[in-house]
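[1] From the sequence below, what's the structure:
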Amino acid sequence: MKNRNNSRRNFIKKSIVIPSIMIVPRHVLGGDGYTAPSDKLNIAGIGVGGRGNRNVSACDSENIIALCDVDQKHASATFKKYPKAKIYKDYRILMEEEKNIDAVVISTPDHTHAVITMLAIKMGKHVFCEKPLTHTVYEARVITELARKYKVQTQMGNQGHSSDEIRSLKEWVNDGAIGKVNEIYAWTDRPVGGRPWSTFAVKAQSNEKPPIPDTLDWDLWLGPAQYRDYHPDYHPSKWRAWMDFGTGSMGDMGCHILDPSFYALDLGSPSEIQATSTHWIPEISSQTYPVASIVRMKFPERGNHPELNLTWSDGRLLPPVPKEFKKGETFSASGAMLVGDEGKILHGSHGASGLKIIPEERMLDYKKPPKTIKRVTTNHHKDWIRACKDGIESSSTFEYGGPLTEMALLGMIAIRLKDQLLKWDGKNLKFTNNETANKLLHKDYRDGWTLK
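    Got it, this is the predicted structure:
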């Protein structure tokens with residue numbers, strides 16, 4: 001395996017910074033209502049099955065000139081949709097050969113986000129990357145700093161951050177709609193429908209060794225992860241359960257559900273983190289995330305915001321039912337509740353969807369403040385495309401998405417170190433009281449892979 005990876009690395013020599021192409025909108029040259037081919041970005045999709053298909057489709061107002069996926073069958077629908085696009089298995093070969101790419105859309109499993117994003121940024125490409133931005137806390141910090149250095153246009157795939165509701169929430173909080181917010185509850189029903197990840201994890205770790213499908217390059221799918229034999233309970237959709245590939249429920253959904261609070265309350269880094277969870281099945285407890293967990297974080301004072309406690313729960317574990325609920329009223333499957341000293345705000349899972357103050361009577365009486373925060377007038381993907389063209393930042397750049405990802409992934413470290421209180425120094429990127437936790441900030445890459 002080492003030889004295969006090293007041979008591929010020969011395709012990529014030292015990364016060269018290629019200045020991004022300045023695209024002049026047609027209306028500047030004269031004539032509105034028409035987009036000339038020369039006004040369009042040349043976009044490559046990397047990881048284009050499943051969610052990747054939808055991400056590429058959301059960008060197909062531009063020129064989709066190249067598509068890359070390690071599983072040709074899984075990505076076949078996307079390949080058929082864009083017959084003019086050149087097809088690749090290895091993103092490094094794509095990046096080496098397709099010199100005229102302006103931007104890339106990355107929708108691979110979490111464990112490969114950072115290495116692909118790193119190469120694209122160093123080659124001067126604009127990047128849209130699915131959430132969470134990276135697989136480890138260290139990767140998130142490195143990618144954030146790299147994007148800042150190379151000044152490319154970036155967007156993380158937490159689409160709710162382009163919504164009107166998330167800006168309304170910040171305006172309401174600043175307006176004192178519920179007083180000073182000192183507590184947050186956030187929850188999700190993930191694993192999807194409360195599915196017990198551990199049941200199929202045991203099967204994947206049994207002695208059975210299914211053959212690798214002819215259409216799948218398993219070595220490339222593993223990327224920087226340590227080698228293990230193929231099993232269909234890793235790919236295509238179950239990889240989120242595995243520590244080597246995914247980031248569990250909080251890593252997966254935290255970038256959606258916690259985004260509104262992170263934005264509205266300027267959360268930044270927590271100072272303390274502690275988690276508890278359901279037990280794992282012993283055979284695979286070191287490899288998969290638990291069925292359900294609770295993560296508690298403490299945030300220090302931030303400007304006008306007081307010290308705050310955040311409680312995250314997954315696996316269908318819900319927060320205490322508020323007294324403001326009417327008889328029979330229940331929580332949504334996923335969402336968050338902000339608790340202030342003068343009331344509560346509820347919202348759904350994506351970008352503060354379903355935003356409301358409880359009880360209902362208070363919402364009806366509340367005089368909403370003026371919309372002082374600039375709105376996104378298109379959608380999340382088109383906002384990024386616009387940024388690539390006019391140079392004005394998109395709504396969820398890596399400068400924002402990186403720290404949000406860090407916060408979610410810190411919770412996953414606490415889950416792995418069940419019941420241990422962790423003290424976090426965000427500025428210096430380290431836990432001050434636990435060296436085992438510090439070792440979980442990053443991972444060992446397989447030979448032939450690096451984050452440089």
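
[2] Does anything pack onto the helix or strand harbouring residue 256? Which helices or strands?
    Using DSSP states H and E, residue 256 maps to helix 248-257. For helix 248-257, the elements it packs on are strand 181-187, strand 293-299, helix 398-416, judged by 3 or more Cβ pairs under 8 Å, 6 or more residues apart in numbering; DSSP states H and E. C-beta here means a position set from N, CA and C on the backbone, and glycine is covered the same way.

[3] Between helix 398-416 and that helix, find me the angle.
    Relative orientation of helix 248-257 versus helix 398-416 (axes from the mean of the first three to the mean of the last three Cα atoms, to 10 degrees): 150 degrees.

[4] Give me the next element, helix or strand, following helix 248-257.
    Counting by DSSP H and E, what follows helix 248-257 is helix 259-264.

[5] That following helix packs against which elements?
    Helices and strands touching helix 259-264, as assessed by 3+ Cβ pairs under 8 Å, 6+ apart, comprise helix 164-174, strand 335-340, helix 398-416.

[6] Next, format the ones you listed as JSON lines and append mean neighbour count and mean pLDDT.
    Below are those laid out as JSON lines (neighbours: other Cβ atoms under 10 Å; pLDDT from 0 to 100):
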{"stretch": "helix 164-174", "mean neighbour count": "20", "mean pLDDT": "98"}
{"stretch": "strand 335-340", "mean neighbour count": "22", "mean pLDDT": "98"}
{"stretch": "helix 398-416", "mean neighbour count": "25", "mean pLDDT": "97"}
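
[7] Out of the ones you listed, flag the one nearest residue 151.
    Evaluated with Cβ to Cβ, the helices and strands packed on helix 259-264 place helix 398-416 nearest to residue 151, the distance being 10.9 Å.

[8] counting contacts, what elements does that closest one pack onto?
    Secondary-structure packing of helix 398-416 (3+ Cβ pairs under 8 Å, 6+ apart): helix 137-150, strand 154-156, helix 248-257, helix 259-264, strand 272-277, strand 293-299, strand 422-425.

[9] which ones are touching residue 85?
    Contact analysis of residue 85 by Cβ atoms under 8 Å, 6 or more residues apart in numbering lists 45, 64-67, 79.

[10] Which of the three states applies to the residue nearest the centre of the chain?
    In the chain, the residue lying closest to the centroid (Cα atoms, centre = their mean) is residue 131, at 1.4 Å. The assignment at residue 131 comes out as coil when based on DSSP: H, G, I helix; E, B strand; the rest coil.

[11] Surely it is in contact with residue 401?
    Yes. Counting by Cβ atoms under 8 Å, residue 401 is a contact partner of residue 131 at 7.2 Å.

[12] list residues touching both of these two?
    Joint contacts of residue 131 and residue 401 (Cβ under 8 Å, 6+ apart) are 156, 158, 255.

[13] Neighbours of residue 143, how many?
    Here the number of neighbours of residue 143 (other Cβ atoms under 10 Å) works out to 27.

[14] likewise residue 137?
    Neighbour count of residue 137, defined by other Cβ under 10 Å: 25.

[15] OK, contacts around it?
    Residues near residue 137 by Cβ under 8 Å, 6+ apart: 406, 409-410, 413, 429, 441-442.

[16] rerun that using 7 Å as the cut-off
    Neighbouring residues of residue 137 by Cβ atoms under 7 Å, 6 or more residues apart in numbering: 406, 409-410, 441.

[17] List just the nearest of those to residue 310.
    Nearest to residue 310 among those, counting by Cβ to Cβ, is residue 410 at 11.2 Å.

[18] Settle this for me: that closest one is touching residue 273, isn't it.
    Yes. Applying Cβ atoms under 7 Å as the test, residue 410 and residue 273 come out as touching, 5.6 Å apart.

[19] still on that earlier bit, mind putting the helices and strands packed on helix 398-416 into CSV with mean pLDDT?
    Shown next, in CSV, are these (pLDDT from 0 to 100):
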stretch, mean pLDDT
helix 137-150, 98
strand 154-156, 98
helix 248-257, 94
helix 259-264, 98
strand 272-277, 96
strand 293-299, 97
strand 422-425, 98
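
[20] Return the most buried member of the ones you listed.
    strand 154-156 (a mean of 30; mean count of other Cβ atoms under 10 Å).

[21] neighbouring strands for that one, and are they parallel or not?
    Strand pairing for strand 154-156, determined by DSSP bridges: strand 126-129 (parallel).
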